[in-house]
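Engineer: The sequence isn't on hand, but the structure is:
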């Protein structure tokens, strides 16, 4: 029996995306966002939605560029911290002792220590409501050797990204392999 | 050391969303999509991106409404099947023996057997490239009692949603609890 929970953003799983931007003074800022996802295959695009009140929003409007650094489970403290404080008043990189690397493709920094990074150029901005959605074209993806399988593809068991749960506000890890895509359903 | 993987849609984790629509003849159709996510808190909105070639695209353009049914791990076969075949030529509900329920809020069907359902009204359509992004305002979320915790909130360990891996094209489950949001980072 289904129970109504009301009009809420309860979509599972939600990602944990650390959005990297530069401010006017070229100070690197990082902000954790879970409102986002892939939105186009060609050109390859991802979307992230931020509130206007965030420092990252101003940076994004100015630079029209961002990165997404994906934290592995062992960086949960740092990823959580990036969502706790504002770049207006804090140098979050200094506080976490993580390293901002300047992208050579877009005017935005990424986190050296995080295993997976997407460098994105803003190609669309949409005001939806409380959140503004930035669509970024992915110009390159960079991954640590340590998260790649023998075939050179990203192995999620090595990447160990975090899952965000909108209702209970928790982080979870990735579980076991379930099935291959376009294979599991062949029997039907 | 980071290695360049090129311009690709490698964002982790990606969700497994079963998009429900009606065609002109009121036939329920289901399609599995992983390009999507939450995009606004107020009004609560989610985005899903589909190719123009899909039958669901036509239905969405016509009805301006959709549902998202979230499969649990035990429905991986059915979820995968919904991404394998087209609603143009197949009655996917009949083939999977799953039940389409007509939403009372929007002109779209959802899957009775899946544990979590979002009923959405299209409020924005954006042509990005190969994919068209539909932003849906969530009018209600319905969940099975069996996936709720004692506090009435969705427990992801009971929901057991699937994770899609864009690079290796596999489904994974959800792993262990890692930390509370806005708590893990307090120590920094």
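Structural biologist: Sure thing, it's come through. Here the structure is a predicted model, which is why all the values come from computation and not from measurement.

Engineer: My guess is residue A:162 contacts residue A:16. True?
Structural biologist: Yes. Counting by Cβ atoms under 8 Å, residue A:162 sits close enough to residue A:16 to count as a contact (4.0 Å). C-betas here are computed from N, CA, C, even on glycine.

Engineer: any common contacting residues for those two?
Structural biologist: Taking Cβ atoms under 8 Å, 6 or more residues apart in numbering or on different chains as the contact rule, the neighbours common to residue A:162 and residue A:16 are A:71, A:79, A:171.

Engineer: who wins for neighbours among those?
Structural biologist: Across the shared contacts of residue A:162 and residue A:16, the neighbour count under other Cβ atoms under 10 Å in any protein chain shown reaches its highest value at residue A:79, namely 29 neighbours.

Engineer: Can you classify that one as helix, strand or coil?
Structural biologist: Here residue A:79 takes the helix state, with states given by DSSP: H, G, I helix; E, B strand; the rest coil.

Engineer: quick one: it from chain B, how far?
Structural biologist: Going from residue A:79 to chain B by Cβ to the nearest Cβ, to the nearest Å gives 7 Å.

Engineer: contacting residues around that residue?
Structural biologist: Taking Cβ under 8 Å, 6+ apart as the definition, contacts of residue A:79 comprise A:16, A:18, A:32, A:71, A:162, A:171, B:184-185.

Engineer: Against residue A:106, how distant is residue A:125?
Structural biologist: Using Cβ to Cβ, to the nearest Å, one obtains 15 Å as the distance from residue A:125 to residue A:106.

Engineer: quick one, which of those two is more surrounded?
Structural biologist: Relative neighbour count places residue A:106 above the other of residue A:125 and residue A:106, with 24 against 12, counting by other Cβ under 10 Å.

Engineer: wouldn't the more buried one be in contact with residue A:118 here?
Structural biologist: No. Contact criterion Cβ under 8 Å: residue A:106 and residue A:118 do not qualify, at 10.1 Å.

Engineer: Quickly list what's touching both of these two.
Structural biologist: In terms of Cβ under 8 Å, 6+ apart, residue A:106 and residue A:118 are both contacted by the residues residue A:67.

Engineer: returning to that earlier point: closest to residue B:12 out of the shared contacts of residue A:162 and residue A:16?
Structural biologist: Distance to residue B:12 across those (Cβ to Cβ) is lowest for residue A:71, with 10.4 Å.

Engineer: Mark which of the contacts of residue A:79 are buried, thanks.
Structural biologist: Among those, those classed as buried by neighbour count (16 or more other Cβ atoms under 10 Å in any protein chain shown) are A:16, A:18, A:32, A:71, A:162, A:171, B:184-185.

Engineer: out of the residues you listed, which are inside strands?
Structural biologist: Secondary structure of the buried ones among the contacts of residue A:79 is defined by DSSP state E; positions in strands are A:18, A:32, A:171.

Engineer: mind listing the helices for chain A?
Structural biologist: Residue ranges of the helices in chain A, as given by DSSP state H, are A:55-63, A:76-84, A:92-96, A:156-159.

Engineer: Show the contacting residues for the residue lying closest to residue A:47 once chain neighbours are set aside.
Structural biologist: By the measure of Cβ to Cβ, 6 or more residues apart in numbering or on different chains, the closest residue to residue A:47 outside its immediate chain neighbours is residue A:39, 4.5 Å from it. For residue A:39, the contacting residues are A:45-47, A:135, B:35-36, B:47, B:49, B:128, B:131, B:133, by Cβ under 8 Å, 6+ apart.

Engineer: just residue A:106 next, same as before
Structural biologist: Residues touching residue A:106, when contacts are defined by Cβ under 8 Å, 6+ apart, comprise A:63, A:65-67, A:119-121, A:139.

Engineer: mind running it again at 10 Å?
Structural biologist: Counting by Cβ atoms under 10 Å, 6 or more residues apart in numbering or on different chains, residue A:106 touches A:20-22, A:63-67, A:119-122, A:136-137, A:139-140.

Engineer: Identify those among those that sit within strands.
Structural biologist: Within the contacts of residue A:106, residues falling in strands by DSSP E are A:20-22, A:65-67, A:119-122, A:136-137, A:139-140.

Engineer: Can you give me the distance of residue A:41 to chain B?
Structural biologist: Relative to chain B, residue A:41 is positioned 5 Å away (Cβ to the nearest Cβ).

Engineer: again but with residue A:102, I slipped
Structural biologist: When Cβ to the nearest Cβ is the yardstick, residue A:102 and chain B sit 13 Å from each other.

Engineer: and that residue, how many neighbours?
Structural biologist: Residues within reach of residue A:102, counting by other Cβ under 10 Å, total 14.

Engineer: and the closest residue to it other than its chain neighbours, how many residues sit next to it?
Structural biologist: Nearest non-adjacent residue to residue A:102, counting by Cβ to Cβ, 6+ apart: residue A:109, 5.6 Å away. A total of 25 residues lie near residue A:109 under the criterion other Cβ under 10 Å.

Engineer: so residue A:109 makes contact with residue A:31?
Structural biologist: No. Using Cβ atoms under 10 Å, residue A:109 and residue A:31 do not qualify as a contacting pair, with a distance of 12.0 Å.

Engineer: what do those two both touch?
Structural biologist: Contact criterion Cβ under 10 Å, 6+ apart; residues shared by residue A:109 and residue A:31: A:20-21, A:66.

Engineer: Same list, the residues you listed, but only the ones touching chain B.
Structural biologist: With respect to chain B, and counting by Cβ under 10 Å from any Cβ of the partner chain, no part of those is in contact.

Engineer: Looking at these, which is nearest residue A:114?
Structural biologist: Distance ranking of the shared contacts of residue A:109 and residue A:31 against residue A:114, using Cβ to Cβ, places residue A:20 first at 9.7 Å.

Engineer: What number of residues are in the vicinity of that closest one?
Structural biologist: Residue A:20 has 31 neighbours, counted by other Cβ under 10 Å.
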